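> let me see the structure of the following:
(one chain, ligands or ions: 2)
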Amino acid sequence: MKIRRTKISELLKSGQIGTEVHAKGWVRTKRGNKHVSFIALNDGSTIKNIQVVADPNNISEDVLKLVTTGASLSVTGQLVESQGAGQSVEIHAQSITVMGVADPEKYPLQPKKHSFEFLREIAHLRPRTNTFGAILRMRHAMSFAVHKFFNDKGFNYMHTPIITGSDAEGAGEMFRVTTLDAKNPPLTEDGKVDFAEDFFGKETNLTVSGQLEGELGALALGEIYTFGPTFRAENSNTTRHLAEFWMIEPEMAFYDLEDNMDLAEEFLQYLCRYALEHCEDDLAFLESRLLEEEKNKPANEKSEMTLTEKLRFVVENDFERVTYTEAIDILRNSKPNKKKKFQYPVEGWGTDLQSEHERYLVEKHFKKPVILTNYPKDIKAFYMRMDEDGKTVSAMDILFPGIGEIVGGSQREERLDVLMSRMDEMSIPHEEMDWYLDTRRFGTVPHSGFGLGFERLMIFVTGMGNIRDVIPFPRTPGNAEF
Ligand code: ATP
Ligand code: MN
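Ligands and ions are numbered 1, 2, ... in the order given. Model (predicted):
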């Protein structure tokens, strides 16, 4: 009788002790001697391996020779309680079929520590490592949590376009989409590329945000969210920027700035709690990885909290809400500013905050997540709602330890005249945004929204140091491999 394959995550729950089982997976390690081999088998269903015990009476020498790290196996045998430490059950193999060999001379993933830099070069194989397996399972869990959070609240998942004809938001940092011949494009009379001849009959780009279209949805359905790929051609080679990343953008009719902040805070706490409750094994692995890494750090760089403590801290503590103006005062009078330790000194009111300033506020001053509000209008987008003072807008950025900005949002400007004069100030032609302005012409209402960078969230919940390591195939300047 054919025995059905059981996933290793199921086998480890040990309900089937004493029965004949069938497992499939990839070899992580093999050790042993001439009398017995111990094979650690992993099928991706959990970070844990199952131990397969093979003795030469059942399994031939020729087969065992092919059982090397990375090879794929189909194993049948008896599930028994394990004598060894570290696992509850193991399989005593009756038969092993090697489905695919992995020549140890050539297979790049050997059972030893590989640097993340090296693993990025073999991103097609790195999902088979413990660390990336854990990260990918957690990416799935967190994506699911995003949908569950909004679905439970009655939000509608809205699909906004990926190819966009509006460039109001991302001028200069967008990727052009074209089918024109790059070597020999059609030209207009004055010698410019003639995009009227292009596929869409106009200039088009990859989206930098689904927000503007999201607003159209919110002003019909009440509450919507988007969750999709986002593209930015900013040439910033940092550990927090990707050229292609995933963004979650809820947009809500009838929400003011405070409602917006309440939702964003609840959302982030929900996601951290979800990780703690649903990703226990993967988190435990990532936490021990970090503790190992910390051992080699100088005392002043050691982190005060473990990964799960950090997540719990976010879940259990209210975020600090501070205005931009208050933050500037704090930064101006801060030790690193007075001692000229900031790369960008904080001088006057009105300048944008750099990541070093954001991190000072979160990590040194408040020691908790911070929501900064009411930024100067000149450093924020045209659609943010003008405050009474005429100088600031109802923006809110959420700053997280180790990351800086994780969420950017605002109450949107719902007053047609104010919005149009803001667009004039910023030289955004009304004609191009006519469809957007229509929402303010017809049945306008106060509304708000924000954007959460999914990979920034993943940096936080996995404790990874580089955004390139929390997405399967990172796109960054000079890199679009795989
Ligand atoms: P930053 O100042 O950190 O570059 P931003 O102000 O340009 O971010 P927003 O336009 O407010 O970002 O986008 C909303 C969110 O999207 C940010 O809070 C962040 O979480 C995420 N995000 C923005 N740019 C990137 C990027 N290049 N890679 C990954 N995530 C990003
Ligand atoms: Mn922002």
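> going forward, measure contacts between C-alpha atoms and count neighbours the same way
OK.
> which positions in the stretch 151-300 of the chain make contact with ligand 1?
232, 240, 241, 242, 243, 245 (Cα under 6 Å from any ligand atom).
> relative to residue 177, which of those residues is nearest.
Closest approach between these and residue 177, by Cα to Cα: residue 232, at 12.9 Å.
> all helices for the stretch 151-300 of the chain, in order.
Applying DSSP state H, counting those that start in this stretch to the stretch 151-300 of the chain gives helices spanning 211-221, 257-278, 280-295.
> about what we covered before: please identify, among the residues of the stretch 151-300 of the chain next to ligand 1, the one with the most neighbours.
residue 242 (25 neighbours; other Cα atoms under 10 Å).
> on that earlier part again, show me the residues of the stretch 151-300 of the chain next to ligand 1 that map onto strands.
Secondary structure defined by DSSP state E assigns residue 245 of these to strands.
> which among the residues of the stretch 151-300 of the chain next to ligand 1 gets closest to residue 10?
residue 245 (33.2 Å).
> contacts only, for that closest one.
With contacts defined as Cα atoms under 8 Å, 6 or more residues apart in numbering, residue 245 is in contact with 229, 230, 231, 453, 454, 455.
> please, which helix or strand holds residue 96?
Using DSSP states H and E, residue 96 sits within strand 89-100.
> quick check: next helix or strand after that strand?
Next along the chain after strand 89-100, taking DSSP H and E as the criterion, comes helix 116-121.
> only the buried residues of that next one, if you could.
119, 120 (16 or more other Cα atoms under 10 Å).
> with just CA atoms, put that helix into PDB.
In PDB, the C-alpha atoms belonging to helix 116-121 read as follows (Å, rounded to 0.1, in the frame of the first residue of the first chain):
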ATOM      1  CA  PHE A 116      24.600  37.400   4.100                       C
ATOM      2  CA  GLU A 117      26.600  39.100   1.400                       C
ATOM      3  CA  PHE A 118      27.500  35.700  -0.100                       C
ATOM      4  CA  LEU A 119      23.900  34.500   0.300                       C
ATOM      5  CA  ARG A 120      22.700  37.500  -1.700                       C
ATOM      6  CA  GLU A 121      24.800  36.300  -4.600                       C
END
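> now what about it, what contacts it?
125, 126, 468, 469.
> name the member of these that has the highest neighbour count.
Scoring the contacts of helix 116-121 on neighbours with other Cα under 10 Å, the highest-scoring entry is residue 469 at 24 neighbours.
> how close does that one sit to ligand 1?
Per Cα to the nearest ligand atom, to the nearest Å, residue 469 is found 12 Å from ligand 1.
> contacting residues for that residue?
Counting by Cα under 8 Å, 6+ apart, residue 469 has contacts 116, 120, 132.
> pick out the most distant pair among the contacts of helix 116-121.
Taking Cα to Cα, no two of the contacts of helix 116-121 sit farther apart than 125 and 468, at 14.9 Å.
> give me the mean pLDDT for stretch 403-423.
Average pLDDT, stretch 403-423: 97.
> end to end, how far does that stretch reach?
End-to-end distance of stretch 403-423 (Cα to Cα, to the nearest Å): 31 Å.
> kindly report the domain assignment for the chain.
As given by automatic domain parsing, the domain ranges for the chain are 8-100, 128-173+208-469.
> out of these, the one nearest residue 2 is which?
Ranking the domains of the chain by distance to residue 2, with Cα to Cα as the measure, places domain 8-100 first at 9.2 Å.
> show me the contact partners of stretch 375-391.
With contacts defined as Cα under 8 Å, 6+ apart, stretch 375-391 is touched by 169, 323-325, 350-352, 374, 392-396, 410-414, 418-419, 422-423, 426.
> repeat that with 7 Å
Stretch 375-391 has contacts (Cα atoms under 7 Å, 6 or more residues apart in numbering) with 324, 350, 352, 392-395, 410-413, 419, 422-423.
> that older thread, for ligand 1, state which of the contacts of helix 116-121 is nearest.
Ligand 1 lies nearest to residue 468 out of the contacts of helix 116-121, by Cα to the nearest ligand atom, at 9.6 Å.
> can you tell me the element the residue nearest to the closest one when sequence neighbours are not counted falls in?
With Cα to Cα, 6 or more residues apart in numbering as the criterion, residue 468 has its nearest non-adjacent residue at 5.3 Å, and that residue is residue 474. Using DSSP H and E, residue 474 sits in no helix or strand.
> based on its surroundings, how many neighbours for residue 474?
20.
> max pairwise distance over the residues of the stretch 151-300 of the chain next to ligand 1: which two?
Among these, 232 and 240 lie farthest apart (Cα to Cα), at 12.6 Å.
> helix, strand or coil for residue 396?
Going by DSSP: H, G, I helix; E, B strand; the rest coil, the secondary structure assigned to residue 396 is strand.
> residues contacting it?
Under the criterion of Cα under 7 Å, 6+ apart, the neighbours of residue 396 are 371, 372, 373, 374, 408, 409, 410.
> for the nearest residue to it once chain neighbours are set aside, what is the enclosing helix or strand?
Of all residues not flanking residue 396 in the chain, residue 373 sits nearest, at 4.3 Å (Cα to Cα, 6+ apart). Taking DSSP H and E as the definition, residue 373 sits inside strand 370-376.
> hmm, the residue nearest to residue 396 is touching residue 324, no?
Yes. Contact criterion Cα atoms under 7 Å: residue 373 and residue 324 qualify, at 5.6 Å.
> any weak-confidence spans in the stretch 1-150 of the chain?
Within the stretch 1-150 of the chain, the segments meeting pLDDT under 70 span 1.
> that older thread, can you add neighbour count and give the contacts of residue 396 back as JSON lines?
Conversion of the contacts of residue 396 to JSON lines gives the following (neighbours: other Cα atoms under 10 Å):
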{"residue": "371", "neighbour count": "24"}
{"residue": "372", "neighbour count": "24"}
{"residue": "373", "neighbour count": "25"}
{"residue": "374", "neighbour count": "23"}
{"residue": "408", "neighbour count": "19"}
{"residue": "409", "neighbour count": "25"}
{"residue": "410", "neighbour count": "28"}
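> and which of the residues you listed is nearest to residue 478?
residue 408 (26.9 Å).
> residues in contact with the closest one?
Neighbour list for residue 408: 396, 397, 398, 450, 451, 452 [criterion: Cα under 7 Å, 6+ apart].
> hang on, the earlier thing: tilt between the strand holding residue 373 and helix 257-278?
150 degrees (axes from the mean of the first three to the mean of the last three Cα atoms, to 10 degrees).
> show me what strand 370-376 pairs with in its sheet, parallel or antiparallel.
According to DSSP bridges, strand 370-376 forms sheet pairs with strand 320-323 (parallel), strand 392-400 (antiparallel).
> put the alpha carbons of that strand into CSV.
C-alpha atoms of strand 370-376 as CSV (Å, rounded to 0.1, in the frame of the first residue of the first chain):
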residue,chain,number,x,y,z
VAL,A,370,7.2,57.7,18.2
ILE,A,371,4.5,59.3,16.0
LEU,A,372,5.7,62.7,14.7
THR,A,373,2.9,65.0,13.6
ASN,A,374,2.3,68.4,11.9
TYR,A,375,5.4,68.8,9.7
PRO,A,376,6.2,72.0,7.8
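> does the helix or strand harbouring residue 331 pack against any helices or strands, and if so which?
Per DSSP H and E, residue 331 falls inside helix 324-332. On a contact count with 3 or more Cα pairs under 7 Å, 6 or more residues apart in numbering; DSSP states H and E, helix 324-332 meets strand 370-376.
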